[in-house]
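Asks: Next input, structure requested:
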Amino acid sequence: MATPDFASTTALEPKTKLSGKVLKTTLAGALVDVGQNIPGVIHISQLSKDSINKVEDVVKEGQTVDVWVRRVKKDRIELTMIQPLALEWKEIEPDMVVKGKVVRLETYGAFVDIGAERPGMVHVSELAHGYVKTPSEVVKEGDEVEAKVLDVNRKKKQIKLSMKALEPEVEEFKPVKKEIKKGGKRGSKKDTAEISSQEEAKEAELTVMQIAWQEALNKANADRAFKVKRVKSGNTQEQEDILNRTLEKRLPTGG
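Replies: Model (predicted):
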């Protein structure tokens, strides 16, 4: 009996898709010819995602089936008819880039099938740069999208994704401050500082002059007012003297 060429079968990687013919069915599973030197075996638990009672309820002898490689051993190739996940939980890591299809929209985000056991969720704040009110403003069901893995929780079976992490961030507009020009050329920071100091000195000097001028003006006004008051007082006294002399002349003399 020829020894199976195990080396040729080791080239088969897990998840490799093959097509084969069912050679025999048993209570435990089915024997399948997949064109290799050793037979392929499908355990009853790998015939369908749903629970089954009999192997013949799913496959029969002579039937051609599509299968995927689970692992390769020396005496057999273990197969499955359940399409394997494109991404196993152990393969999903933060910062990796994945592709998938939008399968559901909620008010808080979009769910994307990336080939894992559970869809990944893109929160509404991670759909695009800027404010997004609802996910439907950016994506719709059936869209093929690319996203970056932000976090993966294998215990809770949650995958957080971000689409905006793969988009270039729009820079905010910042007005350019104009520098003070001197002699037709842009002034340096030193020149600008000197000009500012000179302007402040001029303003201080002007303020001192204004205060001195105001004080002199106030003093002049005060002197003028005092002189007017004295003149008025002198006129009043003179008028009273004239009145007294007039009255004396008119009064009758005694005798």
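
Asks: Distance check, Arg104 against Val132.
Replies: Distance of Arg104 to Val132, given as C-beta to C-beta, to the nearest Å: 17 Å. Where you see a C-beta, it was placed from the backbone N, CA and C, and this is true even at glycine.

Asks: Please name the bridge partners of Val41.
Replies: Bridge pairing for Val41 (DSSP bridges) gives the partners Leu31, Glu78.

Asks: if we can go back for a sec, between Arg104 and Val132, which one's more packed in?
Replies: Legend: neighbour count by other C-beta atoms under 10 Å for Arg104 and Val132, higher for Val132 (17 against 13).

Asks: How about the contacts made by the closest residue to Leu87 other than its chain neighbours?
Replies: For Leu87, ignoring the flanking residues on the chain, the nearest one in space by C-beta to C-beta, 6 or more residues apart in numbering is Ala116 at 4.5 Å. Contacts for Ala116 (C-beta atoms under 8 Å, 6 or more residues apart in numbering) come out as Leu85, Ala86, Leu87, Glu88, Trp89, Ile92, Ile159.

Asks: top of the residues you listed by neighbour count?
Replies: Ile159 leads the contacts of Ala116 on contacts (other C-beta under 10 Å) with 26 neighbours.

Asks: per-residue pLDDT, the residue nearest to that one when sequence neighbours are not counted?
Replies: Leaving aside its sequence neighbours, Ile159 sits nearest to Gly120 (C-beta to C-beta, 6+ apart; 3.7 Å). If you check Gly120, the pLDDT there is 97.

Asks: Look up the residues forming beta bridges with Gly120.
Replies: Per DSSP bridges, the residues bridged to Gly120 are Val112.

Asks: In contact with it, which residues are there?
Replies: Counting by C-beta under 8 Å, 6+ apart, Gly120 touches Val98, Gly100, Phe111, Val112, Ile114, Ala147, Val149, Ile159, Lys160, Leu161.

Asks: Where does the prediction get shaky in the stretch 151-255 of the chain?
Replies: 170-210, 213, 222-240, 242-244, 246-255 (pLDDT under 70).

Asks: The stretch 1-150 of the chain too?
Replies: 1-10.

Asks: re earlier: would you check how far apart the residue nearest to Ile159 and Glu93 are?
Replies: In this view, Gly120 and Glu93 are 13 Å apart by C-beta to C-beta.

Asks: Val152 in helix, strand or coil?
Replies: Put simply, Val152 is strand when judged by DSSP: H, G, I helix; E, B strand; the rest coil.
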